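> Structure for this input, please:
(one chain, ligands or ions: 1)
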Amino acid sequence: MRHLLAIEGLHPPQIGQLLDLAESYVLLTRSGKTQRDLLRGRTLINLFFEDSTRTRTSFELAGKRLGADVINMSVSTSSVNKGETLLDTAATLNAMHCDLLVVRHGQSGAPNLLAQKVDAAVINAGDGTHEHPTQALLDALTIRRRKGRLEGLTVAICGDIAHSRVARSNIHLLSTMGSRVRVIGPPTLIPAEAGRLGVEVFHDMNAGLAGADIVMMLRLQRERMGGGSGGLVPSAREYFRFWGLDAAKLARTKPDALVMHPGPMNRGVEIDSAVADDPARSVIREQVEMGVAVRMAVLDTLARSGANG
Ligand code: CP
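Purely as a prediction, here's the structure:
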């Protein structure tokens, strides 16, 4: 693997190997150990054109735990604000001989474009509505650790599917690994190509959640709806009534179904606090922990594949 730009196109053994390696990093980190020799002398640059808490911080932690020099480029105070283009910014970073470039951008395809222009290994940290591959990997690791498998599970992804790169990456990964994927949401938030992606579509939340093993809630991505909800959804209160996850709707799933959310959460909009904070069902904090391990596994894999080598 030269870059990690998308889950689409990865084969089950590649996904399985990344998850196995991430599992080993969970155990290493929990035992208080690091592996700082692996990326010693390598430079990782975090280049985030959109806000992030979890992804950027966990890539920084992952890089440091493997011994890399990590630079968080602040786009808001960079020369991007003076009109420098994405490609000129990339060429500048390339001249500094960066080894690993972690990119988040509002335009779908931006990391792919960069990957053609720089020598560094490029990792997509979320591009527009396209993909967020490391999020899907950490979600899969969380599920696999709790359920022991991905194959045969019924996973319900609920909410704003249309604007969600998390949903797209999860659909590709879970389908590839043999899960049955359902998407649930109002017709305005289900993309036209959902059927082509091989998922079952539900507009009724109670029907879609029936018998599910996993419930993955998504945030309403208002920033991708033209500045507001743009008429795609009713008020937040109405949305919660029909599409928000509360204890009553969760009761439709299997009794041991897990509740997931990639974050950031909008409590009371797509998820009730009592469900989000229920330690018996919610694995939302565990997802964050798995994020660091998955990103260590991705950096490790790309480094061994000869990032800038
Ligand atoms: N899940 C996720 O991508 O979170 P951040 O936007 O905080 O990175």
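> Surely Ala90 and Gln116 touch.
No: assessed by Cβ atoms under 8 Å, Ala90 is found out of contact with Gln116, at 9.7 Å. Using the backbone N, CA and C atoms, a C-beta is placed for each residue, glycine as well.
> Those two: who's more crowded?
Using other Cβ atoms under 10 Å as the criterion, Ala90 and Gln116 rank with Ala90 on top: 24 against 10.
> Measure how buried Gly195 is and give me the count.
Using other Cβ under 10 Å, Gly195 has 11 neighbouring residues.
> And for the one 4 residues further on?
Val199 sits with 22 neighbouring residues when counted by other Cβ under 10 Å.
> Need the nearest residue in space to it, chain neighbours excluded.
Among residues not flanking Val199 along the chain, Val181 sits closest, at 4.5 Å (Cβ to Cβ, 6 or more residues apart in numbering).
> where along the stretch 151-300 of the chain do the strands fall?
Here the stretch 151-300 of the chain has its strands, by DSSP state E, counting those that start in this stretch, at 154-158, 180-184, 200-202, 214-217, 258-260.
> okay, the angle between the first one and strand 180-184?
Calculated by axes from the mean of the first three to the mean of the last three Cα atoms, to 10 degrees, strand 154-158 forms an angle of 20 degrees with strand 180-184.
> Touching, Ala136 and Asn170? I think so.
Yes: because the distance of 4.7 Å satisfies Cβ under 8 Å, Ala136 is recorded as touching Asn170.
> wait, Glu151 sits on Ser179?
Yes: at 6.9 Å, Glu151 and Ser179 qualify as touching, with contact defined as Cβ under 8 Å.
> Have a look at those two and say which one is more surrounded.
Of the pair Glu151 and Ser179, Ser179 is the one with more neighbours under other Cβ under 10 Å, namely 23 against 12.
> out of everything not next to it in sequence, what's closest to the residue of the stretch 201-309 of the chain found nearest the ligand?
Nearest residue of the stretch 201-309 of the chain to the ligand, counting by Cβ to the nearest ligand atom: Pro262, 3.8 Å away. The spatially closest residue to Pro262, leaving aside those adjacent along the chain, is Val166, at 4.8 Å (Cβ to Cβ, 6+ apart).
> how close does the one you found get to the ligand?
Separation of Val166 from the ligand (Cβ to the nearest ligand atom, to the nearest Å): 7 Å.
> on that earlier part again, specify which residue of Ala136 and Asn170 has the higher count of neighbours.
Asn170 (31 against 27).
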